[in-house]
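Chemist: Need coordinates for the below:
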Amino acid sequence: MDIKQLKFLCALDETRHFGQAAARCHVTQPTLSMRLRSLEEELGLELVRRSQRFEGFTEAGERVLAWARSLLAAQEGLYAEAAACRGQLVGTLRLGVVPVINENDTVVTDEIRFGDNDTLAALVANLVEADLLVILTDRDGMFDADPRNNPDAQLIYEARADDPQLDAVAGGSAGALGRGGMQTKLRAARLAARSGGHTVIVGGRIERVLDRLRAGERLGTLLTPDRSRKAARKQWLAGHLQMRGTLVLDDGAVKAVSQDHKSLLPVGVKAVQGSFRRGEMVVCVDQGGREVARGLVNYSALEAQKILGQPTDAIEALLGYVDGPELVHRDNLVLV
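Modeler: Predicted coordinates:
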C-alpha cells in the first residue's frame, strides 16, 4: 500500500467518475483502476462497486475511505509541520479575501516591471510551492498551430513543460487581452516546473472553468514538470535566486554541509558578509573563498552576526527568540 493509492481512492469519492478521478491525479484511467484493484487485493476486500462505470463504494470501501482521508490529512499536516521547521510560508488563507498580485499597475515604472503577469504568477507559485498554476487566457489552451489562421489546429491536451517542440507552436504574438503571448505563458510554465509545479493554460471565458478544473475535467493544456518536487526545488535554489550575502564556514562546517549533508549551524560560521533578511539567498564559502553551497537563511545578517560561532542553545539568550536551530536548514541548502 502507498499514499498514491489512498489519493486515488479519495479522488474517486470526490468525482464519482473513474476518468475524472484519473485526470485529477494526472494518471491514465487504466493506471488508476489497476492501482485500486491492487489495493483491494492487498487488503483482501472489495472497495469499489463496478460495472461499466463507477457504481459507488462497498460498506468496507466506505470504512477504508474514512481511514484514507485521515491518513492523507495527517500527511498534509506532517508536510506543513516540516515546512514550518524549514522556515517556509505554509498554512491556509483565512482572511475571507482573494489576494491579488498584479504587475500591470497604472503607475508602474520600467525599473520595477517583471514584464508580464504570467511570469509574476509563476514566481509566486515557486514561492508558495504550489502544486498547480492556472493561467487563464483568451484561447482555450495551446494548439499545434495558430487557431486564428488554421481551422485544423488541434488543442494540445498534455505535454512536458520542457518539450522544445512547444516553442515552435507558442509563437511570439500577444493575445487580445494581455501584454504577453503564448510564449510568456510557456515560459511561466517552465518557471513553475522548476519547483515541481504543474501548469494549466486554459480559456478564461469557459463557463465555471476553475470549478470544472478542480472537479477533474479535462480542459486546456496541462504542462507537467520533468522531475520530482524535491529535485526541482534543489534546482530552483541553485539557479533561480539572487545572492544577498555570504557566510564563511570553518572546516568542520564545510565537511558537515558538503559531505555529511547536514544543516548549517551558527557554531560553524566564521564571518558574515553583506546585508540580507531572513529567507533570502546566501552563499556559503570556505575560509579560502571557495563556494561550497547556497541556501535560504533563517536569520538576517544582523542576527547572524550576533550568533555566529555560538552553539544552538545560545541563540535564545543572544537574540531573545529562536526562529530555528540552524542558520540554513539542509532542505533549503544546495551544494555547488
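Chemist: and the spatially closest residue to Ile307 that is not a sequence neighbour, how far is that from Val254?
Modeler: Sequence neighbours aside, Pro266 is the residue nearest to Ile307 in space, at 4.4 Å (criterion: C-beta to C-beta, 6 or more residues apart in numbering). C-beta: built from backbone N, CA, C; applies to glycine. Noted for Pro266: a distance of 15 Å to Val254, by C-beta to C-beta, to the nearest Å.
Chemist: Mind checking which of those two has more residues around it?
Modeler: Each of Pro266 and Val254 has its neighbours counted (other C-beta atoms under 10 Å); Pro266 has more, 25 against 20.
Chemist: correct me, but the more buried one touches Leu318?
Modeler: No - Pro266 is beyond contact range of Leu318, at 9.1 Å (criterion: C-beta atoms under 8 Å).
Chemist: Now for these two: what residues contact both?
Modeler: Both Pro266 and Leu318 are contacted by 307, 310, under the criterion C-beta atoms under 8 Å, 6 or more residues apart in numbering.
Chemist: Per-residue pLDDT of Ile135, please?
Modeler: Per-residue confidence (pLDDT) for Ile135: 94.
Chemist: quick one: secondary structure of it?
Modeler: Assigned state for Ile135: strand (three-state reduction, DSSP: H, G, I helix; E, B strand; the rest coil).
Chemist: quick one: contacts for it?
Modeler: Ile135 touches 118, 121, 185, 188-189, 199-202, counting by C-beta under 8 Å, 6+ apart.
Chemist: so how far is Ala23 from it?
Modeler: Noted for Ile135: a distance of 18 Å to Ala23, by C-beta to C-beta.
Chemist: and if you look at Gln273?
Modeler: 50 Å.
Chemist: between these two, which one's more packed in?
Modeler: With neighbours defined as other C-beta under 10 Å, Gln273 and Ala23 compare such that Ala23 has more, 24 against 14.
Chemist: What ranges does the stretch 1-150 of the chain have for its helices?
Modeler: Counting by DSSP state H, counting those that start in this stretch, the stretch 1-150 of the chain has helices at residues 3-15, 18-24, 29-43, 59-85, 117-128.
Chemist: which of those is buried the deepest?
Modeler: helix 18-24 (a mean of 22; mean count of other C-beta atoms under 10 Å).
Chemist: neighbouring contacts of it?
Modeler: 8, 11-12, 14-15, 28-29, 31-33, 53-54, 215-218.
Chemist: Give me the local confidence score for Val114.
Modeler: I think there's a mix-up here, since residue 114 is Phe and not Val. On the pLDDT scale, Phe114 gets 50.
Chemist: next one: Gln88
Modeler: Gln88 is assigned 57 on the pLDDT scale.
Chemist: Least confident secondary structure element in the protein?
Modeler: helix 229-239 (a mean of 64; mean pLDDT, DSSP states H and E).
Chemist: Could you list the buried residues of the helix or strand just after it?
Modeler: Next helix or strand after helix 229-239 toward the C-terminus (DSSP states H and E): strand 243-249. Buried residues in strand 243-249, counting neighbours by 16 or more other C-beta atoms under 10 Å, are found at 244-249.
Chemist: now stretch 210-218
Modeler: Those would be 213, 216-217, for stretch 210-218 by 16+ other C-beta under 10 Å.
Chemist: Show residues contacting it.
Modeler: 11, 14-15, 17, 19-24, 134, 157, 200, 202, 206, 219-220.
Chemist: re earlier: so which of the contacts of Ile135 belong to helices?
Modeler: Those of the contacts of Ile135 mapping onto helices are 118, 121, 185, 188-189, per DSSP state H.
Chemist: how about TSV for the residues you listed, with distance to Gln310 added?
Modeler: Converted to TSV, the ones in helices among the contacts of Ile135 look like this (distance: C-beta to C-beta, whole Å):
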residue	distance to Gln310
Asp118	45
Ala121	41
Lys185	48
Ala188	43
Ala189	44
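Chemist: Go through those and say which is closest to Ala145.
Modeler: Lys185 (16.5 Å; C-beta to C-beta).
Chemist: Am I right that Leu6 is in contact with Ser70?
Modeler: No - in this structure, Leu6 is not within contact of Ser70 by C-beta under 8 Å, at 9.7 Å.
Chemist: Hmm, which of the contacts of helix 18-24 is lowest in pLDDT?
Modeler: Within the contacts of helix 18-24, lowest confidence goes to Arg53 (77).
Chemist: Report the contact partners of that one.
Modeler: Residues near Arg53 by C-beta under 8 Å, 6+ apart: 17-18.
Chemist: How about Met1?
Modeler: 39, 42-43.
Chemist: Arg194: which of the residues you listed is nearest?
Modeler: Leu39 (32.9 Å).
Chemist: can you pull the contacts of the closest one?
Modeler: 1, 5, 9, 47.
Chemist: What sits closest to the third one if chain neighbours are left out?
Modeler: Pointing back at Leu9 there. Using C-beta to C-beta, 6+ apart, the nearest residue to Leu9 is Ala68, at 5.0 Å.
Chemist: residues contacting the one you found?
Modeler: Contacts for Ala68 (C-beta under 8 Å, 6+ apart) come out as 6, 9-10.
Chemist: cool, Lys270 as well?
Modeler: Lys270 neighbours (C-beta under 8 Å, 6+ apart): 248-250, 287, 308-309.
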